[in-house]
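coordinates for the following, if possible.
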Amino acid sequence: MMPKRSVVDGGSAKYHKLTKSHDDGYIGLQFERPPPKVPYKAILLATVLFSIGTILLIIGSLLLTGYISAEYADRTWPVIIIGALMFIPGAYHVRIAYYAYKGYSGYSYDDIPEFD
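The predicted structure is shown next:
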């Protein structure tokens, strides 16, 4: 059934006002999620933390086992601790970014903090 129209004279053109039908003011687009915004800076930082943390952990482990002769053996544990402090958050966020890129359920780029 067509909605009723009333004719309004607007000079040289006639305008028709539509009466309110079953339109409740909502459109389907407002319920769709926008495409995810990829936090490139945060992913780059996570990759750098992961890489440097891995290198420091390997160097610290080689110093601890004696494959690299340590002139100052007291620097072994700080290298391992700093490597672990960099490796853990880097690996965590790189994993989230990888799973979000692959589209696994439960993972999205919203879980990675942005820098603005």
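
residue ranges in this structure under the pLDDT threshold?
Within the chain, the segments meeting pLDDT under 70 span 1-25, 116.

now do the helices in it.
With DSSP state H, the ranges of helices along the chain come out as 40-65, 76-102.

give me the angle between the shortest one and helix 76-102.
If you take axes from the mean of the first three to the mean of the last three C-alpha atoms, to 10 degrees, helix 40-65 sits at 140 degrees to helix 76-102.

tabulate the helices of the chain (CSV), appending mean neighbour count.
Yep, even glycine has a C-beta here, placed from its N, CA and C like the rest. Rendered in CSV, the data for these read as follows (neighbours: other C-beta atoms under 10 Å):
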stretch, mean neighbour count
helix 40-65, 16
helix 76-102, 16
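
with distance to S108 added, can I get these in CSV?
As requested, those are arranged in CSV below (distance: least, C-beta to C-beta, whole Å):
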stretch, distance to S108
helix 40-65, 13
helix 76-102, 5
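
of all those, which one is nearest P113?
helix 40-65 (6.0 Å; C-beta to C-beta).

what's that closest one packed up against?
Counting contacts by 3 or more C-beta pairs under 8 Å, 6 or more residues apart in numbering; DSSP states H and E, the secondary-structure elements packed against helix 40-65 are helix 76-102.

the helix it packs on - contacts with which helices or strands?
helix 40-65.

and the helix it packs on, how far from the chain's centre?
Using C-alpha atoms, centre = their mean, to the nearest Å, the mean C-alpha position of helix 40-65 is found 21 Å from that of the whole chain.

got it, and stretch 26-35?
Averaged C-alpha coordinates place stretch 26-35 at 20 Å from its chain's average position (C-alpha atoms, centre = their mean).

now the terminal residues of that stretch, how far apart.
End-to-end distance of stretch 26-35 (C-alpha to C-alpha, to the nearest Å): 20 Å.

numbering from 52 from now on, please.
Will do, 52 is the new start, and the previous item becomes stretch 77-86.

buried sites along that stretch?
Of the residues in stretch 77-86, none are scored as buried under the neighbour-count criterion (16 or more other C-beta atoms under 10 Å).

before I go, just wanted to say thanks for your time.
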